[in-house]
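S.K.: okay, structure incoming, though there's no sequence with it:
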């Protein structure tokens, strides 16, 4: 941590099997030579309240432990909870106060992109489709399937439901529980549309997952999906264009009824609005992200004064343009001469440290459910912290060095 030029935080909180709130704090730091280190810095078991002030105390304690200063903090990424993102009493508000007291600029604040994407989906009102599907699937699971195994069916429930309409209808009639909606063309159109739309949102979600992702790559995915929604809306308005909606295309060949254009347009318009509002914190920082991603294509006049001269030289260097075309952003910035591009390199180190999501926290919470299960609910806080930190570390034990210091490997009995 002493070598960090900049660092960023990723925080999230979950309740374990013993009803104790566990706060995870990940730190990603970047050194002067662009070496990136991402580690679980601490696990705080919070037995009392989990207000923004209490969470901030634990964060402050961890930063002091690693001798990190507020002036080095580039970004804090959290979930959307009020105790985390509250601008006054929440963690964000407390961080702002600490930075102000330290006489340094406010850090970038992001809400987890994955969490925001999930909220976008939950906002949509598709109960007219989902309620009958969920009810039917629960009935099938409780009575068993003769056509296909229940486990296989529930793997991709919406697409499987659409594919097995005929078989499901036969099964329900056999069990004297018919579902009239399976013969309703309007409802089947909505089901087909929702299946296709869910496939696109799931694909977007998968592209955001993973560790060590750069914020510029994640923002690219967000902008691309926004543009996809614009394309979908335009094509679906033509009624007969289902190039990216395979289930709708299939159903259009099986029915003479018309596609519910207004329903689809309302859903996509709502989704576009949600994506615009919920990712606004990324839009606020779009200028910085753009410079980081492609310094050769940015308006110099809009740059901070300390970057302007260096970026001008950068943009007119044919040698550096050729280096950039090799495609490795990290290696490109590493090769810049420090004496000529000191401010640019310092700016880039900051953005390289940013967490776009709290995926590392979610992955660790999944590990925690196995480590502290119903069978090990009395596991102490210290043991839980040790297990999670060892399980997440990227450090490799220097076994040879440790053994070389031993005079005897194993004591005789």
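M.R.: Happy to help now that I have it. These figures come from a predicted structure and were not determined experimentally.
S.K.: all contacts plus neighbour counts: C-alpha atoms, from now on.
M.R.: Will do.
S.K.: quick check: mean pLDDT across the helix or strand hosting residue 7?
M.R.: Here residue 7, judged by DSSP states H and E, is contained in strand 4-15. The average pLDDT within strand 4-15 is 93.
S.K.: number of residues surrounding residue 257?
M.R.: Number of residues near residue 257 (other CA atoms under 10 Å) recorded here: 11.
S.K.: er, residue 383 actually
M.R.: 12.
S.K.: for residue 388, same thing?
M.R.: 19.
S.K.: mind listing what it touches?
M.R.: 43, 364, 367, 368 (CA atoms under 8 Å, 6 or more residues apart in numbering).
S.K.: poorly predicted segments of the stretch 151-300 of the chain, please.
M.R.: 151-155, 239-240 (pLDDT under 70).
S.K.: mind listing the helices for it?
M.R.: Remark: helices assigned in the stretch 151-300 of the chain by DSSP state H, counting those that start in this stretch are 157-163, 165-174, 185-208, 215-236, 246-252, 261-278, 280-284, 286-293.
S.K.: and residue 132, how close does it get to residue 345?
M.R.: Distance, residue 132 to residue 345, using CA to CA, to the nearest Å: 56 Å.
S.K.: which of the two has more neighbours?
M.R.: residue 345 (21 against 14).
S.K.: in which helix or strand does the residue lying closest to the more buried one once chain neighbours are set aside reside?
M.R.: Nearest residue to residue 345, sequence neighbours excluded (CA to CA, 6 or more residues apart in numbering): residue 333, at 6.7 Å. Here residue 333 sits within helix 329-334, counting by DSSP H and E.
S.K.: following the chain onward from the helix or strand containing residue 30, which element is next?
M.R.: Assigned by DSSP H and E, residue 30 belongs to strand 21-31. Next in sequence after strand 21-31, counting helices and strands by DSSP H and E, comes strand 36-46.
S.K.: what's the next helix or strand after that following strand packed up against?
M.R.: Sequence order places helix 52-65 as the next helix or strand after strand 36-46, per DSSP H and E. Helix 52-65 sits against strand 36-46, helix 91-101, with contacts defined as 3 or more CA pairs under 8 Å, 6 or more residues apart in numbering; DSSP states H and E.
S.K.: let me see the contact set for the residue nearest to residue 357 when sequence neighbours are not counted.
M.R.: Nearest residue to residue 357 in three dimensions, chain neighbours excluded: residue 112, at 4.3 Å (CA to CA, 6+ apart). Residue 112 makes contact with 77, 78, 79, 80, 356, 357, 358, according to CA under 8 Å, 6+ apart.
S.K.: now with 10 Å?
M.R.: 10-12, 76-80, 279, 355-359 (CA atoms under 10 Å, 6 or more residues apart in numbering).
S.K.: and it, what pLDDT?
M.R.: For residue 112, the predicted pLDDT is 84.
S.K.: got a winner among the contacts of residue 112 for most neighbours?
M.R.: residue 355 (33 neighbours).
S.K.: so what does the strand holding residue 30 touch, helix or strand wise?
M.R.: Judged by 3 or more CA pairs under 10 Å, 6 or more residues apart in numbering; DSSP states H and E, strand 21-31 is in contact with strand 4-15, strand 36-46, helix 52-65, strand 73-78, helix 342-352, helix 359-371, helix 381-392.
S.K.: ok, the residue nearest to residue 345 touching residue 326?
M.R.: No: judged on CA atoms under 10 Å, residue 333 makes no contact with residue 326 at a distance of 11.9 Å.
S.K.: so between the two, which is more surrounded?
M.R.: In terms of neighbours (other CA under 10 Å), residue 333 is the more surrounded of residue 333 and residue 326; the figures are 21 against 10.
S.K.: give me every residue that touches the residue nearest to residue 345.
M.R.: 33, 34, 292, 320, 323, 324, 341, 344, 345, 348, 349.
S.K.: neighbours of the last one, how many?
M.R.: If you count neighbours by other CA under 10 Å, residue 349 ends up with 27.
S.K.: any idea how the chain splits into domains?
M.R.: Segmentation of the chain into domains, based on automatic domain parsing, reads 1-112+358-413, 117-281.
S.K.: any idea what residue 10 is bridged to?
M.R.: Legend: beta-bridge partners of residue 10 under DSSP bridges are residue 26, residue 77.
S.K.: gap between it and residue 112?
M.R.: Counting by CA to CA, the gap from residue 10 to residue 112 is 9 Å.
S.K.: what does residue 294 give?
M.R.: Distance from residue 294 to residue 112, counting by CA to CA: 24 Å.
S.K.: same check on residue 170?
M.R.: Relative to residue 112, and taking CA to CA, residue 170 is found at 44 Å.
S.K.: only the buried residues of whatever helix or strand residue 141 lives in, if you could.
M.R.: Element membership for residue 141, per DSSP H and E: helix 127-143. The neighbour-count check on helix 127-143 (16 or more other CA atoms under 10 Å) flags 129, 133, 136, 137, 140 as buried.
S.K.: what packs against it?
M.R.: helix 150-153, helix 157-163, helix 165-174, helix 185-208.
S.K.: out of these, flag the one nearest residue 108.
M.R.: The minimum distance between residue 108 and the helices and strands packed on helix 127-143 falls on helix 185-208, with 19.5 Å, by CA to CA.
S.K.: skipping adjacent residues, who's closest to residue 350 in space?
M.R.: Going by CA to CA, 6+ apart, residue 350 has residue 6 as its nearest residue, at 5.3 Å.
S.K.: quick one, what contacts the one you found?
M.R.: Taking CA under 10 Å, 6+ apart, we find residue 6 in contact with 28-32, 68-75, 346-354.
S.K.: one more time with 6 Å, if that's ok
M.R.: By CA atoms under 6 Å, 6 or more residues apart in numbering, the contact list for residue 6 reads 29, 30, 72, 350.
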